[in-house]
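1. coords please:
(one chain, ligands or ions: 1)
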Amino acid sequence: MYLVLRVENCSVEIDGNPILQHVNLQAGPGEILALVGHNGAGKSTLMKTMIGMRGKLSGLIKIQQESMDDHLKNYKRLFSYIPEEPLLFSELTTRQHFDLYRRSYSIDEDIFATRVDRYMDAFEITDKKDDYPEALSKGMRQKVQTICALLPDVPVLFIDEPFMGLDVYAGQYLEEELIRRKEQGITIILTTHQLDKVKALADTYVMLKNGSVSSSGPVESFERLERREHK
Ligand SMILES: Nc1ncnc2c1ncn2[C@@H]1O[C@H](COP(=O)(O)OP(=O)(O)OP(=O)(O)O)[C@@H](O)[C@H]1O
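-> Next up is the predicted model:
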């Protein structure tokens, strides 16, 4: 199978402490892969490593043919990311954040305008377009961040706990949007503690335990594993 994302033998240390050990993960086009595991298992660290926010000790990370170590700038244009906590710029309005993404990813003007209108409407923040982050609630900031990540056409979407701060309607819309993206062949890597979302959305899973992969495979085998643990 053609692979869009490959993580091979990836290890990460923080302040000399091993956090991830020899992690392997791979995903193909149109695959939704859920990263699961208990608090502190290493999910966010792995995601931050895959997006280049955290350095790795060893291992290979590639999107399509682009290795993170060769051209980080080219690699970074192949994905967008929704962090667990919104990372917005205090000096930029909602609209200016979207513009920043338009420029960074060279998004076509017409596609950009249509998407901004559609997503602001769907996430009910049209009236917040000229507001700065400090005037937004946490959920609204999360919506701005989510829209930013949905604007470019990129082969991979990384999403850390996407449903946490969102209201039911926004969560439902995001879920539908992720399925639409998947159908377009986009690879989606998400972390979530919401097992119902894993079952509803994911094709495959990788379970981390103390920084190592404890099991992985199709989501059906995750459901069997979960049933066994609850017996
Ligand atoms: N900046 C940091 N400095 C020191 N230790 C860290 C740092 N970030 C993460 N860790 C440690 O790395 C380990 C993995 O944390 P990580 O946030 O990746 O886990 P997680 O699986 O995402 O957890 P959660 O489900 O609670 O979000 C934990 O032991 C955590 O204490």
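2. distance of residue 177 from residue 143?
-> 12 Å (C-beta to C-beta, to the nearest Å). For the C-beta atoms, the positions are set from N, CA and C on the backbone; glycine is no exception.
3. Neighbour count: the two, which is higher?
-> Neighbours per residue, other C-beta atoms under 10 Å: of residue 177 and residue 143, the larger number sits with residue 143, 27 against 17.
4. dump the residue contacts of the more buried one.
-> Contacts for residue 143 (C-beta atoms under 8 Å, 6 or more residues apart in numbering) come out as 123, 124, 125, 166, 170.
5. Likewise for residue 78?
-> Per C-beta under 8 Å, 6+ apart, neighbours of residue 78: 63, 64, 66, 154, 155, 156.
6. Next, give me the two most distant ones among the residues you listed.
-> Taking C-beta to C-beta, the two most distant members of the contacts of residue 78 are 66 and 154; they sit 11.8 Å apart.
7. Nearest residue to residue 42 in space, ignoring adjacent ones along the chain?
-> Spatial nearest neighbour of residue 42, chain neighbours left out: residue 211 (4.3 Å); criterion: C-beta to C-beta, 6 or more residues apart in numbering.
8. Hmm, I typed the wrong one, I wanted residue 6.
-> Closest to residue 6 by C-beta to C-beta, 6+ apart is residue 62, at 4.6 Å.
9. Surely that neighbour and residue 25 touch.
-> No. The criterion here is C-beta atoms under 8 Å, and residue 62 misses it with residue 25 at 11.3 Å.
10. Now list whatever residues contact both of these two.
-> Common neighbours of residue 62 and residue 25, counting by C-beta under 8 Å, 6+ apart, are 5, 6.
11. Near the ligand, which residues of this protein are found?
-> Within the chain, the positions adjacent to the ligand are 14, 15, 19, 37, 39, 40, 41, 42, 43, 44, 45 by C-beta under 6 Å from any ligand atom.
12. Just give the nearest non-adjacent residue to the last one, would you?
-> Going back to what we said before, that points to residue 45. residue 19 (5.1 Å).
13. can you list the residues that contact whichever helix or strand the one you found is part of?
-> Take DSSP states H and E as the rule and residue 19 turns out to sit in strand 17-27. Outside strand 17-27, the residues that touch it by C-beta under 8 Å, 6+ apart are 3-13, 33, 42, 45-46, 49, 56, 59, 156, 187, 189, 204, 206, 208, 211-213, 216.
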